[in-house]
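[1] here is my input, please return the structure:
(2 chains)
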Amino acid sequence: MDILHSLLKINARGERKPDFERFVHAITTNEPAPVTVGDIFADIETVGNFLSVKVFDWYKLAEDPDHKIGYKEVWEGFRLARNFVRFCIAAGWDYTFAFSTIPFPGVTVSINENTSTEVEDGKRGWADDNRGPIMSWQDFENYKWPKNYRSINAMSLATAKCVPDGMKVMVIPGGMFEWTTWLMGLVPFSYALADNPELVDAVIEKVYETIYKVVEGLMEEPNIGGIFMGDDLGYATGTMISPKVLREKFFPRTKKIVDLVHSANKIAVLHSCGNVYSVMDDIIEMGFDAKHSFEDKIMPVEQVHAKWGDRIGIIGGVDMDIMAQGSEADVRKRTREILDACASKGRYVLGTGNSVANYIPIKNYKALLSEAQDWNMDNFGRKW
Amino acid sequence: MEQLRKFVKTGKAKETTERVQVLLDEGKEPDAIMKDALIPAMDEVGDLFQKGEYFVPEMLLAARAMQQGLAVLKPRLIASGIEPIGKVLVGTVKGDLHDIGKNLVVMALEGAGFEVIDLGTDVPPEKFVQAIKEHKPKVVGLSALLTTTMQAMKDTINAIKSAGLRDRGKIMIGGAPIRQEFCDEIGADFYGPDSTSGRNYARDVVTGEA
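    As a prediction, the model looks like this:
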């Protein structure tokens, strides 16, 4: 028994005990079972509201690049990680989430007020599509690539010491396409594909090396269950860039990261927004155990599950529009439809269409969780 | 002209500007270069984008080539008294900082010969109202990426109505979470799933077909 884990471990006091193997079983087999729940992450404010605790305002740090991280921030960060664990226990997830966010210098994030009335002081950050810190060879040569892998993974590894028995951590390290286009800016990246393809290749290779090293640093920790790679490849009607370029430049490297995770007997889940269905076979062939993020407008999750649900796990799909704007009854109705269509056939985990975002009313997220328990009672005679 | 269309379509900016200059030197009318080469080329790019054969980079590259070619042509167009085919006002609504989708619409519209007033991102309703008064556009385009910010489209349309400007032109909306039902609900005139649809609708408005 790991002494640190025994000291820091949060006990799951409720009736339901988390069980990571239940999550793995749910995404890797088509055997029907009571549905379990999960998402890539929950926003900080959501965690605070759900647990009725005050949480650390992470975006304050992003708004002030000169802010020095001191003991207070480290302590608050640790408390936040523990609250993530508590949230996941309370919501009935079998894993918790942790961020191994790579601090690529100069990646600009615009912070904007959240327009939802559900969140006080809620904010969201967005990457700048029009510029990035690497737009020329000179930028590339002067760039300070992060190498402090232990620091990058510190919060994920600390979270691994806090999880209750049975729960593991799914770490979010970011994805190849997202980091590359954030470093170059989507627009300059697009121009560089034609004007300076060698620069694009060089940036992609460095991004790959960095993510690989970060993920490698997580693989020996037994309470890390795997990675939840966030890599938005699509928009409403297609992939951002052609499948050909994705296959040439991104997917082979992403596959190596997935292989690394599998070689440590852990799992790899892809969160990718937008219409990525032209590359769904590639996503499966890269070896991802499950795919997350679905939009009714693009393809309702039932259709995705019917088409690919025998080859890859499907997570989530209760559309964000319903989660954010619908009533509790709307959420319950849509959740029930999805569970009847997907969970009854296995290889499915219930969740939202994107994440437990701070603009989702807590009552709606609770309605989703409650409907899952009702569905389990109706179909299996038990809540979970 | 065929070669110029090909340069725009394949995003070759330098070759596009050189070819425009050659055609002008050969005595081609600026209006003809615009109508027979640049606009058809961007039309084709938009169609390829809509069909899923072109993606964001191809669209951006073609638009850059078009804009650089247009920069050579513009002084001659102005000197010849050639007017844009219409004026469109666009912006991403309040609370939303995303602009790539809106920019693709701007490129498609400019490529079709429109004058576009781009208000940028996070545009409050009153700024739209002010700009409509000032520029008198035929079409107003509202963009939003988020399920939360799309509500600001309704606020914007209500502000336009309250200012008594709703019947001055058409309102088209677009963005990832938008659907036809939402368009109907908030009283917009048109929902376009992509930039090409927006361009086509704006054209229909100026030709009286919408």
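[2] domain assignment for chain B?
    Using automatic domain parsing, the domain parsing of chain B gives B:2-79, B:87-206.
[3] any idea which of those is most buried?
    Most buried of the domains of chain B, by mean neighbour count (mean count of other CB atoms under 10 Å in any protein chain shown): domain B:87-206, with a mean of 21. Heads up, the C-betas are built off the backbone N, CA and C, glycines and all.
[4] for A:Glu248, which three-state class applies?
    Here A:Glu248 is recorded as helix under DSSP: H, G, I helix; E, B strand; the rest coil.
[5] neighbours of it, how many?
    A:Glu248 has 11 neighbours, counted by other CB atoms under 10 Å in any protein chain shown.
[6] with A:Ser6 instead?
    A:Ser6: 9 surrounding residues under other CB under 10 Å.
[7] report the contact partners of the residue most central in space within chain B.
    Centroid check for chain B by CA atoms, centre = their mean gives B:Leu109 as the closest residue, at 2.6 Å. Contact analysis of B:Leu109 by CB atoms under 8 Å, 6 or more residues apart in numbering or on different chains lists B:88, B:90, B:116, B:198-199, B:202.
[8] relative to A:Gly77, which of these is nearest.
    Using CB to CB, B:Val90 comes nearest to A:Gly77 of those, at 40.9 Å.
[9] and the closest one, that's in a strand?
    Yes. Counting by three-state DSSP, B:Val90 is located in a strand.
[10] as JSON lines, the contacts of B:Leu109 with distance to A:Trp375 would be great.
    Listed next are the contacts of B:Leu109 as JSON lines, based on distance: CB to CB, whole Å:
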{"residue": "B:Val88", "distance to A:Trp375": "48"}
{"residue": "B:Val90", "distance to A:Trp375": "44"}
{"residue": "B:Val116", "distance to A:Trp375": "50"}
{"residue": "B:Gly198", "distance to A:Trp375": "41"}
{"residue": "B:Arg199", "distance to A:Trp375": "45"}
{"residue": "B:Ala202", "distance to A:Trp375": "47"}
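[11] out of those residues, which are close to chain A?
    Among the contacts of B:Leu109, no residue sits close to chain A (CB under 8 Å from any CB of the partner chain).
[12] chain A: which of these is nearest?
    Checking the contacts of B:Leu109 against chain A with CB to the nearest CB, the nearest one is B:Gly198 at 12.7 Å.
[13] helices of the stretch 1-150 of chain A, start to end?
    Along the stretch 1-150 of chain A, the stretches classed as helices by DSSP state H, counting those that start in this stretch are A:3-8, A:20-28, A:44-51, A:58-63, A:71-91, A:137-142, A:149-152.
[14] so which of the ones you listed comes closest to A:Ile241?
    Of all those, it is helix A:137-142 that lies closest to A:Ile241, at 19.8 Å by CB to CB.
[15] run through the neighbouring helices and strands of the closest one.
    Counting contacts by 3 or more CB pairs under 8 Å, 6 or more residues apart in numbering or on different chains; DSSP states H and E, helix A:137-142 packs against helix A:197-216.
[16] the helix it packs on near chain B at all?
    No. Residues of helix A:197-216 contacting chain B under CB under 8 Å from any CB: none, with a closest distance of 10.2 Å.
[17] now that helix, how far from the centre of its chain.
    Put simply, helix A:197-216 sits 20 Å off its chain's centre (CA atoms, centre = their mean, to the nearest Å).
[18] so what pLDDT did the residue lying farthest from the centre of chain B get?
    Most distant from the centre of chain B: B:Glu26, at 30.2 Å, with distances by CA atoms, centre = their mean. According to the prediction, B:Glu26 has pLDDT 95.
[19] quick one, phi/psi of it?
    Per-residue torsions, B:Glu26: phi -80, psi -10 (degrees, to the nearest 10).
[20] tabulate the helices of the stretch 1-150 of chain A in JSON lines, adding columns for distance to B:Ile82 and mean pLDDT.
    Below are those laid out as JSON lines (distance: least, CB to CB, whole Å; pLDDT from 0 to 100):
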{"stretch": "helix A:3-8", "distance to B:Ile82": "72", "mean pLDDT": "84"}
{"stretch": "helix A:20-28", "distance to B:Ile82": "60", "mean pLDDT": "97"}
{"stretch": "helix A:44-51", "distance to B:Ile82": "53", "mean pLDDT": "94"}
{"stretch": "helix A:58-63", "distance to B:Ile82": "47", "mean pLDDT": "64"}
{"stretch": "helix A:71-91", "distance to B:Ile82": "60", "mean pLDDT": "91"}
{"stretch": "helix A:137-142", "distance to B:Ile82": "41", "mean pLDDT": "97"}
{"stretch": "helix A:149-152", "distance to B:Ile82": "57", "mean pLDDT": "92"}
